[in-house]
Every structure is written in structure tokens, then in C-alpha cells.
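Q: Sequence below, structure please.
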Amino acid sequence: MAKSIMIQGTMSNAGKSLLAGGLCRLFHQDGHKVAPFKSQNMALNSFITDAGFEMGRAQVMQAEAAGIAPDVRMNPILLKPTGDMGSQVIVNGEVLGNMKAAEYYAYKHNLRPAVRQAYDALASEYDIIVIEGAGSPAEINLKEDDFVNMGMARMVGAPVLLAGDIDRGGVFASLYGTVALLEPEEQAHIKGLIINKFRGDVEILRPGLKMLEDLVHKPVLGVVPMLQVDIDEEDSLSSKLDRTAAVKALDLAVIRLPRLSNFTDFDALERFDCAGVRYVHNAAELGNPDLILLPGTKNTMDDLLWMRQNGLEGAICKLHRSGTPIFAICGGYQMLGKELRDPLGVEHGGTLRGMGLLDSVTEFRPEKTRTRVSGQVHGITGFWSALSGSDFTGYEIHMGATDHDNEGFSLLSNGRDDGAVKGTVLGSYVHGIFDEGDLAQRVISILLERKGLDLDSARTVTFQQYKEQQYDILADGIRRSLDMDAVYKILEQGMEG
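A: Here you go, the predicted structure:
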């Protein structure tokens, strides 16, 4: 069975995902066969594997860093919030159902066998498993039946590295308090501390590190700086969603919907030096962009009503009339049609007028479409005609089916058309449509040409090459910052050390 090491944090957004991803890359660079694992992930930013299963994108990023294909066993439980009090529960990549928070808390002990089975299956195939915790292990009201933090560490005998975010302030108190709130047997799993997201002179910090070690009787394994890497983050806490201004040759405005999902669909566009991607909360922020991007959402009808009420819908339609192009994916694509129908109450219930920018009608159904797709754009004339002939791959995750009056614009590998185009408006169900192939570059070329610019303004490195570079930068930063001899010793000794 594989050796394991676990990254836990004192709070959400302490940097667990990136630290785990960096260790995956580092161990991979050192010649080890390594896989990531997170028993339970809560995120709207999901992914469909080649086998057709749904999992969180954080573990997809970590798998890519490890040089392996994403596998649903790396994230056996995914919770996709449906509101403040409930989530869609996905187990081993398939929908179990919707549950309120209290209902899930009472039910989750039934999922422990699925977590153990997924972990053991991975551990039988790899040398090292890098486990990521969730939130904080010191949530003392939630520790019963825990299999995400210390419960997971105990289940598989994993040593733990506890990370604290110094950028938020109070890192000494958060590390000390987290250790103090744990039971002695849980404290024994912590083999080292990590100070994460540091800015400044580490020498000024050293006296505090020694005092912290004396207080908690755990070594500080290193101080990781605020690394400048462009890598997928957890959706609810990504700092890029707060970016409201982007001063580049091209201004690309993503509508930041309240239930925004899969915002990473637009990461590939950010890899072009000429393109600035920003996130828009209201009509005042929209301005006059070169392209409006309507993303996916966990609840299309509610988010369309939100746009209607705060004036964004009207502002988008006004820009459309003046010629601003619109590219929409999944829920954003559904919004653009003439009507949204939900006779069974899958989302909101009833019928809702759409934005009317595409000649399509969407009806929500209980069955979830969950599939990988690939194909080639075809049959487009007019504004988006340069996209014709472009190959792409991606995946679909949605609850509705959309019918349209005009010809679909892309032919998928399963032989059916997807998406619609009308003038400057284009919509598709395909998440990740910009990630591979030349579709992203063709979109950028269309927008540059419209402004009298040329492709010399665009980055030529592929998205995959760019991601590989970023994973190497991440691993190198962690290697320089942590005592890797101590980390390897912890890994080898496990709980015996």
C-alpha cells in the first residue's frame, strides 16, 4: 500500500489545495508514482472524467500536477451547494440526491465505506497518496463521524502537516489554537507546521517560529511565500473572482453569477497576454467590454432573475444591440434562449422568460447529463465564422435539455449537435471548450481583428504547456521553502515517527 501524507489547514483558504498540488508535482519530479485524494470536497467547480464521473476540480489540478489522469476515486464525495442550507450530494461521481445540511450531517456516516474503498483502491496502485483536508480540523461541533480531516488521518494512519495562512494575520494564534482544540491522539498525527502565503523578510519571523515550536511541541517545516502561480483554485474563495478591472488590449467581462460554477472555463483565455479577464457583479461594473462571457450556474433560473433584478440583463441586452459579442456556456447558454421551463421543479419551478438572444427553449429534467465530449465547430457564418473547423474537447454537466430553431454549431463525437449561434451571440453546453485545440486562439483573433490588432499580441504557448510551467513553478517554490528532508522522513516513518 502507498505511503501517505496529509495537508490540513487552520481554516478555509489556508492554501491546502496548492500545497497538496505542489507536493504532488514535487514527488512526481522525484520519480514517485503519486496520486491526490480528498474524501469530501464542497465546490461548484466540477469536472467530468473520461469514465463519465463528476469530481472536484481541485483534485483534477493535483492529478495533472502528478502527471496522471483525473480519477473519481481521488474525490469520492462532492457536495455542490444548492443554497445556504443544502447541497447536491455526489458519491463516486454520481448524484445521490439533494440534502439539507442537517440531513447530510445525520447521513454522512453511511458514506465512510465509500471513502475507505476509494482510498484503498488508489493506495494499491500508487507509491504516495497526498491527502487534502477540508476547512479546519478544529471544528469541534462537526467532529463526530468526521472522515475529512483528523477522521481521515486516523482512518488511514496518515501523518499531517498543518498549514496556516499568515497573509490574513493571526497565524500563530490560529496554529496554536487549532492544535490546542484537538484531542491528544489527533495532535499526535501532526508532524509539522507550515506558515503559508508569507510576504516579507523571513528572518524577522524566525523568533516567532521558535516560540510557536516551544508552545505546541511541533516543528515548523518551512515558510512558503506568496507564490505567483496561475493555477485552479476552489471556486468560492478564488481571489480572481474579485478582479473587477483588467487593463489589457482586450477586455473580457465574465458575469459573476451568485451560483457561479466552473469559472475555470475561462482560464485559457487569460493565457493570452493581450486579454484581461474580469468579473462583473452589477451593471455599473460592466462598462463596454470586447466580449461578455456568461458562465455556468448551479441554478439558471434564479441567477437569471438576479440579473433581471439588478439591471445586468438589461445592460447586456443593450450592449448586444450595439454589437458587443456574447459567448455563453451551460447555464449562461440556457439563459440566452426565449424560455426556460421547469415543470417538475428541478430548479425553480414554472416557466421563465429568457433573455431572447438565441432562438432556443430549455426544459429542466431530473436526469443529469454528465459526459465527456469532443468534436469540431462547423456551419457558422457571420461574426463567429472563423471558429469553423476548430477542434475542441470538454465535458457536459447540466440538468436541462435545450432545443433550438437554427442549426447547432458544433458536431460532437457522439453524433449530435450542441449549441446555437445567432449573429454575435454564441452558446454551448461544453465546459472546458477553450482548454485544448485552437478555439481560444480563434476567439482572441476575432476580437483583435475587430479592434484593428493582430495575433502578434497573443500568446502562442498552448494552454497545456502553460499549466505544466505553472505546476513546475509551484513545486520549485515549495521545494525551496520547506525542509524536504524532514518531509520525506515524515512520509517514510508515517505514524511511527
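Q: element containing residue 442, please.
A: helix 439-450 (DSSP states H and E).
Q: avg pLDDT for that helix?
A: On average, the pLDDT along helix 439-450 is 92.
Q: what's the very next helix or strand once past that helix packed up against?
A: Sequence-wise, the next helix or strand downstream of helix 439-450 (DSSP H and E) is helix 463-481. Applying 3 or more C-beta pairs under 8 Å, 6 or more residues apart in numbering; DSSP states H and E, we find helix 463-481 packed against helix 16-29, helix 57-65, strand 220-225. All C-beta atoms are positioned from the backbone trio N, CA, C, and that covers glycine.
Q: quick one: average pLDDT of the longest one?
A: It stands for helix 16-29. In the prediction, helix 16-29 has an average pLDDT of 96.
Q: thinking again about what came up before, nearest approach to residue 393 belongs to which of the helices and strands packed on helix 463-481?
A: helix 57-65 (14.0 Å; C-beta to C-beta).
Q: Off-centre distance for whichever helix or strand comes after that closest one?
A: As assigned by DSSP H and E, the chain's next helix or strand after helix 57-65 is strand 77-81. Centroid separation for strand 77-81 versus its chain: 12 Å, with C-alpha atoms, centre = their mean, to the nearest Å.
Q: quick one: the strands in the stretch 301-450 of the chain?
A: 326-329, 339-342, 350-353, 360-377, 391-404, 410-412, 417-418, 420-422, 425-428 (DSSP state E, counting those that start in this stretch).
Q: Contacts for the second one next, please.
A: Under the criterion C-beta atoms under 8 Å, 6 or more residues apart in numbering, residues 300-301, 304, 334, 348-354, 361-364, 400 lie in contact with strand 339-342.
Q: How about the first one?
A: Identification of contacts with strand 326-329 by C-beta under 8 Å, 6+ apart yields 262, 265, 291-296, 316, 320, 335-336, 357, 424-431, 433, 443.
Q: Of these, which belong to helices?
A: 316, 320, 335, 443 (DSSP state H).
Q: Most neighbours of all the residues you listed, which one?
A: Counting neighbours by other C-beta atoms under 10 Å, residue 335 leads the ones in helices among the contacts of strand 326-329 with 28 neighbours.
Q: Tell me the pLDDT of the spatially closest residue to that one that is not a sequence neighbour.
A: In space, and not counting its chain neighbours, residue 335 is closest to residue 304: 4.8 Å by C-beta to C-beta, 6 or more residues apart in numbering. Reading off the confidence values, residue 304 has pLDDT 95.
Q: residue boundaries of the helices in the stretch 1-150 of the chain?
A: For the stretch 1-150 of the chain, the helices defined by DSSP state H, counting those that start in this stretch cover 16-29, 57-65, 101-107, 112-123, 150-156.
Q: Relative to residue 170, which of those helices is closest?
A: helix 16-29 (17.5 Å).
Q: which regions of this protein lie under the pLDDT threshold?
A: 233-247, 405-416, 455-461, 497 (pLDDT under 70).
Q: how about 80 then?
A: 83-85, 232-248, 379, 404-417, 453-463, 497 (pLDDT under 80).
Q: re earlier: hang on, isn't the residue nearest to residue 335 packed against residue 354?
A: Yes: here residue 304 reaches residue 354: they are 7.2 Å apart, a contact under C-beta atoms under 8 Å.
Q: quick one on the thing from earlier: pull out the buried residues from the helix holding residue 442.
A: 439-448 (16 or more other C-beta atoms under 10 Å).
Q: helix/strand/coil for residue 173?
A: helix (DSSP: H, G, I helix; E, B strand; the rest coil).
Q: so residue 274 touches residue 252, yeah?
A: No: if you go by C-beta under 8 Å, residue 274 and residue 252 don't touch, sitting 10.3 Å apart.
Q: For the residue lying closest to residue 167 once chain neighbours are set aside, give me its contacts.
A: Nearest residue to residue 167 in three dimensions, chain neighbours excluded: residue 197, at 3.9 Å (C-beta to C-beta, 6+ apart). Each residue near residue 197 by C-beta under 8 Å, 6+ apart is listed here: 15, 165-168, 224-226.
Q: No more questions from me, cheers.
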